[in-house]
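Visitor: Model the structure of this input:
(one chain, ligands or ions: 1)
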Amino acid sequence: MTAKPTVHYELPADLSRERLPKHVAVIMDGNGRWAKRRGLPRIMGHRRGVDTLKKLLRCCRDWGIEALTAYAFSTENWGRPLEEVDFLMTLFERVLRQELAEMMTEDVRIRFVGNLTALPESLQAEIDYAVTQTKENSGISFTIATNYGGRQEIVQACRAIATQIQQGHLAPEDITEDLFSQHLYTADICDPDLLIRTSGELRISNFLLWQLAYAEIYVTETLWPDFDASEFHQAVYAYQQRDRRFGKVKS
Ligand code: FPP
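Guide: Numbers count the residues shown, from 1 in each chain. As a prediction, the model looks like this:
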């Protein structure tokens, strides 16, 4: 059997290495529509979506981007047909198991954000294993938001801080933006610089509400399964044309 050649993504000449986003976040939308247009069941779109994500992760790593976060399952996605939810849970588990060896070879650190306790126990075990195995990896940081909701994350941070105040460990005036950030799932991950949403919707859908405060947003009509390296190139190119002022005026 011949081994599959590993694709290497060169940084396109019109992108500046110095001004790459450090952290890219993606809302992977349009899997269902992609499948429907081809007369396929929705789950085929999710299956193809995994391939897109794997390629994007490799592209980010090859270009020298430090972190990628993908919105895989929101707290609202439980409202989908049971068959689709079950398929997604099984898919996450299978992908984690199948891809772990390659993640180790490629020095990827895997993390999960969200309320993981509500996930099937077998998936929680697979997540724990992948997170523990990859925690010393120092290449790209890959975060998967699963059963994640930005409002729910903020509420749980408030509760944790309120408990510390009640127990006398903190005073209300100790609450700062930094302290608050430390109580979010993303405590040790820098905020995204670029948010990409596929399939044309102009919403952030409860994703990283706190962390996206100053992210540049790029929306493409392309459906997630069709989002390839050349689409990513266009997104990063658009990002590099933006004038990021963080609320200040240009000096
Ligand atoms: C949105 O498309 C997609 C999802 C809710 C699932 C995304 C999950 C993957 C791509 C799998 C990722 C796997 C791992 C291991 C992280 P949609 O179904 O809402 O599409 P539609 O808007 O066209 O219906």
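Visitor: Average pLDDT for the host helix or strand of Ile127, rounded please.
Guide: Applying DSSP states H and E as the criterion places Ile127 in helix 121-134. Mean per-residue pLDDT for helix 121-134: 98.
Visitor: what does stretch 7-26 give?
Guide: For stretch 7-26, mean pLDDT is 97.
Visitor: Kindly report the same for stretch 57-67.
Guide: For stretch 57-67, mean pLDDT is 98.
Visitor: hmm, who's touching it?
Guide: 7-11, 15, 17, 20-24, 68, 106, 108, 139-143, 189-190, 192, 229, 232, 236 (Cβ atoms under 8 Å, 6 or more residues apart in numbering). The C-beta positions use only the backbone N, C-alpha and C, and glycine is treated the same way.
Visitor: Can you go through those residues and name the buried ones?
Guide: Buried by 16 or more other Cβ atoms under 10 Å: 9, 11, 20-21, 23-24, 68, 106, 108, 140-143, 189, 192, 229, 232, 236, out of these.
Visitor: partners of the helix or strand that comes right after the helix holding Ile127, with directions?
Guide: Using DSSP H and E, the helix or strand that follows helix 121-134 towards the C-terminus is strand 141-148. Paired with strand 141-148 in the same sheet, following DSSP bridges, are strand 67-74 (parallel), strand 109-113 (parallel).
Visitor: how about the residues of the chain near the ligand?
Guide: Contact residues (Cβ under 6 Å from any ligand atom) of the chain with the ligand: 28-33, 46, 49-50, 53, 70, 72, 77, 92, 95, 144.
Visitor: 8 Å - rerun?
Guide: Applying Cβ under 8 Å from any ligand atom, we find that the chain lies next to the ligand at 27-36, 42, 45-46, 49-50, 52-53, 70-74, 77, 80, 84, 88, 91-92, 95-96, 99, 144, 146, 199, 201, 223-224.
Visitor: Filter these down to the ones in strands?
Guide: With strands taken from DSSP state E, the overlap with the residues of the chain next to the ligand comprises Ile27, Ala70, Tyr71, Ala72, Phe73, Ser74, Ile144, Thr146.
Visitor: Filter the residues of the chain next to the ligand down to just the buried residues.
Guide: For those, a burial check counting by 16+ other Cβ under 10 Å picks out 27-35, 42, 45-46, 49-50, 52-53, 70-74, 77, 88, 91-92, 95-96, 99, 144, 146, 199, 223-224.
Visitor: Just the pLDDT at the residue of the stretch 101-250 of the chain found nearest the ligand, thanks.
Guide: Nearest to the ligand in the stretch 101-250 of the chain, going by Cβ to the nearest ligand atom, is Ile144, at a distance of 4.6 Å. Each residue has a pLDDT score; the one for Ile144 is 98.
Visitor: surely Leu212 meets Asp193?
Guide: No. Leu212 is beyond contact range of Asp193, at 9.9 Å (criterion: Cβ atoms under 8 Å).
Visitor: who has more neighbours, those two?
Guide: Set Leu212 next to Asp193 and count neighbours by other Cβ atoms under 10 Å: Asp193 wins out with 22 against 18.
Visitor: Go ahead and confirm the more buried one touches Lys22.
Guide: Yes. Counting by Cβ under 8 Å, Asp193 sits close enough to Lys22 to count as a contact (5.7 Å).
Visitor: returning to that earlier point: looking at the residues of the chain next to the ligand, which are in helices?
Guide: Judged by DSSP state H, the subset of those located in helices is 31-36, 42, 45-46, 49-50, 52-53, 84, 88, 91-92, 95-96, 99.
Visitor: now the strands paired with strand 141-148 in CSV, with distance to Ala162?
Guide: Below are the strands paired with strand 141-148 laid out as CSV (distance: least, Cβ to Cβ, whole Å):
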stretch, distance to Ala162
strand 67-74, 25
strand 109-113, 21
